[in-house]
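**Q** here you go, sequence then predicted model.
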Amino acid sequence: MKSYLNHIRKNILVKIGSFNAVAVVVRLIVGLLNAKIIAIFLGAEGMALMGNLRNFLSSVQSASTLGLYNGVVKYVAESKSKIEELSKVLTTSFLLTLSTTLIVSLVLFFGATFWNNLIFDTSKDYIFVFKVLAIVLPVYAFNTLLVATINGYLKYKIYLVINIIASIVGFLVTLCLVVYYNLDGAFVALILNPFASFILTLYVVFKKRNLIQLIRINEFSFPFIKKLAGYSYMTLLSTILIPLVMIEIRNYIMDTDGINNAGYYEAMLRISAQYMAFLSTLLTLYLLPKLSITTSTEGFRKEVFRFYKAILPLYILGFIFIYLLRYQIVSALFSKDFLKMIPLFKWFLLGDFLKILAMVLAVQFLAKRMLWFYTITELFSIFSLYLLTRYFVSEQGFVGASIAHFCNYALYLLLIIILLRKAVFGSDSDRE
């Protein structure tokens, strides 16, 4: 026990995790308060519709930045001491984002009716939502690249402080708009939330004026586009397809088992998203940069198992706690009407544990630009989840969605282990 505590104190991962924990706790509280507001004012139906818009936003925002986030983090981290290379990274990524965002914004604005009918249905008129999104999309896109730049410089504290303040401001905006404008207000709040983060990030970047000066049109690099393309492809594959599949899953539950049950499923996703946020941030802040510069099998295993050692005990205890107090958690976070979602917990928590194991290993695909392996695993997971959900929901109603969640990540983890078997089990002398 003593040796484990010493390991915790000395481990940089845990130090980052400590900073991250504060941000995650704030985001957790804010996220849960947001869910409570939606449950009280909008009910299960509002929860389901908000889930659809949230997923659509995720796809659109990723498309507007061409999924460059992880690539920018990697190449800023590698070239921060090489001015010419850094200038190419920043200039190329920002100009690409500018052109792409303008195109996506125009498609959203003039195709607002089409998107409304696709994401909701013809009986619901939220066309204004898509026009507002088209206008503010450039803010999100450039904020994403600025945050990636900060992350690439390994400025963990700054990154997390921005997240904390933005979360609090976003909650206050959501509270006001939902109370006064109900579902319309909730939609607008979801779209406007990136503004707070953008203002803070812009302030931080302008204090480092040398970064702004590095963005020069003559430094735009076509060869560098090829380097970014792999990361762009890998990110877009999951961040566009997964949200769209989630919309289809939610709509299938609505059609098969009712819109309220789709809302209960969305509520479970909300809970899952809160505790998985801690892991996602650590993967981006710590593990991705580490594995990007690790060249040996021994180094890969060392980083992965160090990560597991620090993180898994916390998640195991957390999952036990959540399961034992699931009735109290649902009543506190949502309302007694949402107690119908209780059967989702068991399979969802088990599935998320397997998902954690898989996500840590899968970072290697991003770190080493293993495009083929990444494509195989992502497509397998996406379509497996969709098909399994349709099967189990048709057999057991909305509860089947949680069983599908578990089965999908069991298969996903198995596939990743098979593909990375040499890195996980191979000789220490093997090279990646």
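**A** Yes, it's here.

**Q** buried residues, the helix or strand that Leu175 is a member of. List them.
**A** Per DSSP states H and E, Leu175 falls inside helix 156-192. Neighbour-count burial for helix 156-192 flags 156, 158-167, 169-171, 173-175, 177-178, 183, 185-192 (criterion: 16 or more other CB atoms under 10 Å). C-betas here are computed from N, CA, C, even on glycine.

**Q** next structured bit after that helix?
**A** Helix 156-192 is succeeded, C-terminally, by helix 194-207 (DSSP H and E).

**Q** now the angle between helix 156-192 and that next one, please.
**A** Orientation check (axes from the mean of the first three to the mean of the last three CA atoms, to 10 degrees): helix 194-207 against helix 156-192 gives 140 degrees.

**Q** other SSEs contacting helix 194-207?
**A** Under the contact definition 3 or more CB pairs under 8 Å, 6 or more residues apart in numbering; DSSP states H and E, helix 194-207 sits against helix 127-152, helix 156-192, helix 209-213.

**Q** which among the ones you listed is found nearest to Ala112?
**A** Ala112 lies closest, by CB to CB, to one member of the helices and strands packed on helix 194-207: helix 127-152, at 4.0 Å.

**Q** any idea how far Phe128 is from Val188?
**A** Applying CB to CB, to the nearest Å, the value for Phe128 to Val188 is 8 Å.

**Q** check Ala39 too.
**A** Distance, Ala39 to Val188, by CB to CB: 19 Å.

**Q** sorry, back to before: what's the helix holding Leu175 packed up against?
**A** Using 3+ CB pairs under 8 Å, 6+ apart as the test, helix 156-192 ends up in contact with helix 12-41, helix 43-64, helix 127-152, helix 194-207.

**Q** list the buried residues of the last one.
**A** I take that to be helix 194-207. For helix 194-207, the neighbour count (16+ other CB under 10 Å) marks 194-198, 200-201, 204-205 as buried.

**Q** export the residues you listed as a markdown table, with columns for distance to Leu414.
**A** Converted to a markdown table, those look like this (distance: CB to CB, whole Å):
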| residue | distance to Leu414 |
| --- | --- |
| Pro194 | 37 |
| Phe195 | 42 |
| Ala196 | 41 |
| Ser197 | 37 |
| Phe198 | 41 |
| Leu200 | 42 |
| Thr201 | 39 |
| Val204 | 42 |
| Val205 | 43 |
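
**Q** re earlier: make TSV from the helices and strands packed on helix 156-192 and add mean pLDDT to it.
**A** Below are the helices and strands packed on helix 156-192 laid out as TSV (pLDDT from 0 to 100):
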stretch	mean pLDDT
helix 12-41	72
helix 43-64	88
helix 127-152	85
helix 194-207	75
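
**Q** how about these, which one is nearest Val363?
**A** Closest to Val363 of these, according to CB to CB: helix 12-41, at 13.0 Å.

**Q** list the residues that contact the residue nearest to the spatial centre of the chain.
**A** In the chain, the centroid-proximal residue (CA atoms, centre = their mean) is Ser280; its distance is 6.8 Å. With contact taken as CB atoms under 8 Å, 6 or more residues apart in numbering, Ser280 is in contact with Met359.

**Q** pretty sure Ile316 is in contact with Leu350, am I right?
**A** No. Taking CB atoms under 8 Å as the definition, Ile316 is not a contact partner of Leu350, at 11.4 Å.

**Q** per-residue pLDDT, the residue nearest to Ala23 when sequence neighbours are not counted?
**A** Of all residues not flanking Ala23 in the chain, Leu160 sits nearest, at 4.1 Å (CB to CB, 6 or more residues apart in numbering). For Leu160, the model assigns a pLDDT of 72.

**Q** go on, the one 3 residues further on?
**A** Per-residue confidence at Asn163 stands at 75 (pLDDT).

**Q** tally of neighbours for the closest residue in space to it that isn't next to it in sequence?
**A** Spatial nearest neighbour of Asn163, excluding adjacent residues (CB to CB, 6+ apart): Ala23 at 4.8 Å. Other residues lying near Ala23 total 23 when counted by other CB atoms under 10 Å.

**Q** more neighbours: Ile316 and Leu350, which one.
**A** Neighbour count, other CB under 10 Å: between Ile316 and Leu350, Leu350 has more, with 18 against 12.

**Q** continuing past the one helix or strand Leu269 maps to, what's the next helix or strand?
**A** Using DSSP H and E, Leu269 maps to helix 259-282. Going down the chain from helix 259-282, the next helix or strand is helix 288-292, by DSSP H and E.

**Q** turn the helices and strands packed on helix 156-192 into a markdown table, columns for distance to Ile342.
**A** Output for those, formatted as a markdown table (distance: least, CB to CB, whole Å):
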| stretch | distance to Ile342 |
| --- | --- |
| helix 12-41 | 15 |
| helix 43-64 | 14 |
| helix 127-152 | 32 |
| helix 194-207 | 34 |
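
**Q** out of those helices, which gets nearest to Leu291?
**A** It is, among the helices and strands packed on helix 156-192 and with distance given as CB to CB, helix 12-41, at 12.5 Å.

**Q** wait, Ala404 touches Leu385, no?
**A** Yes. Counting by CB under 8 Å, Ala404 does reach Leu385; the two are 6.4 Å apart.

**Q** residues near Phe425, how many?
**A** Phe425: 11 neighbours (other CB under 10 Å).

**Q** equivalent analysis for Leu324, please.
**A** Neighbour number of Leu324 under other CB under 10 Å is 10.

**Q** just Ser93 next, same as before
**A** 27.

**Q** ok, now Asp125?
**A** By other CB under 10 Å, the residues close to Asp125 number 11.

**Q** that one reaches Asn117, doesn't it?
**A** No. Using CB under 8 Å, Asp125 is not in contact with Asn117; the gap is 9.7 Å.

**Q** give me the element Glu78 is part of.
**A** Using DSSP H and E, Glu78 sits in helix 69-79.

**Q** model confidence over that helix, on average?
**A** Helix 69-79 carries an average pLDDT of 76.

**Q** can you list contacts of it?
**A** Residues from elsewhere that reach helix 69-79, judged by CB under 8 Å, 6+ apart: 85-86, 88-90, 93, 144-145, 147-149, 151-154, 224, 227-228, 230-232, 234-235, 284, 288-289, 292-293, 366-367.

**Q** kindly recompute the last result at 7 Å.
**A** Contact with helix 69-79 is made by 85-86, 89, 93, 144-145, 148-149, 151-154, 227-228, 231-232, 235, 288-289, 292, 366, as judged by CB atoms under 7 Å, 6 or more residues apart in numbering.

**Q** and Tyr265, what is it in contact with?
**A** Each residue near Tyr265 by CB under 7 Å, 6+ apart is listed here: 250, 253, 344, 398, 401.
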